[in-house]
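Trainee: No sequence on hand, only this structure:
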């Protein structure tokens with residue numbers, strides 16, 4: 001059975017993933033990691049917990065999914081791109097969840113995927129029409 005993390009735990013997870021990847025943290029982030037109940041969980045298992053929660057649709061609220069996508073971005077795991085981020089983008093696009101669409105586009109962009117139109121200079125969650133256009137264009141390369 002899938003386990004749902006809280007938004008605070010998703011933030012903790014992001015910092016834990018960053019730490020595992022050698023990222024240098026602020027005092028605030030180090031404090032969150034040191035106090036986290038998740039710090040003793042293997043990062044691969046923590047990643048699995050979040051992925052399973054998303055795939056099981058445990059994160060009903062858009063902000064929860066945004067936090068989950070953001071946290072998974074911090075893993076640096078490019079296999080998530082192929083296995084999950086594309087299908088999550090399709091799901092969020094289907095329901096026109098504009099903020100989650102943007103977060104997934106940002107994650108895919110960070111993984112080196114050409115999700116934003118080459119002539120686009122700004123990237124903003126409030127540019128809903130452009131984000132929808134770019135998401136549809138990107139997904140069209142998979143079908």
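Mentor: Nice, thanks for sending it over. Nothing here was measured: the structure is a model prediction, and the numbers come from that model.
Trainee: what's the domain layout of this protein?
Mentor: 1-77, 79-143 (automatic domain parsing).
Trainee: What strand or helix carries residue 45?
Mentor: For residue 45, the host element (DSSP states H and E) is helix 43-55.
Trainee: now the domains of the chain as JSON lines including mean pLDDT?
Mentor: JSON lines is the format used below for these (pLDDT from 0 to 100):
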{"stretch": "domain 1-77", "mean pLDDT": "95"}
{"stretch": "domain 79-143", "mean pLDDT": "92"}
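Trainee: Mean neighbour count added to these, as CSV?
Mentor: Heads up, the C-betas are built off the backbone N, CA and C, glycines and all. Listed next are the domains of the chain as CSV, based on neighbours: other CB atoms under 10 Å:
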stretch, mean neighbour count
domain 1-77, 16
domain 79-143, 16
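Trainee: What are the boundaries of the helices in the chain?
Mentor: 7-20, 27-35, 43-55, 62-73, 79-80, 86-94, 98-110, 128-140 (DSSP state H).
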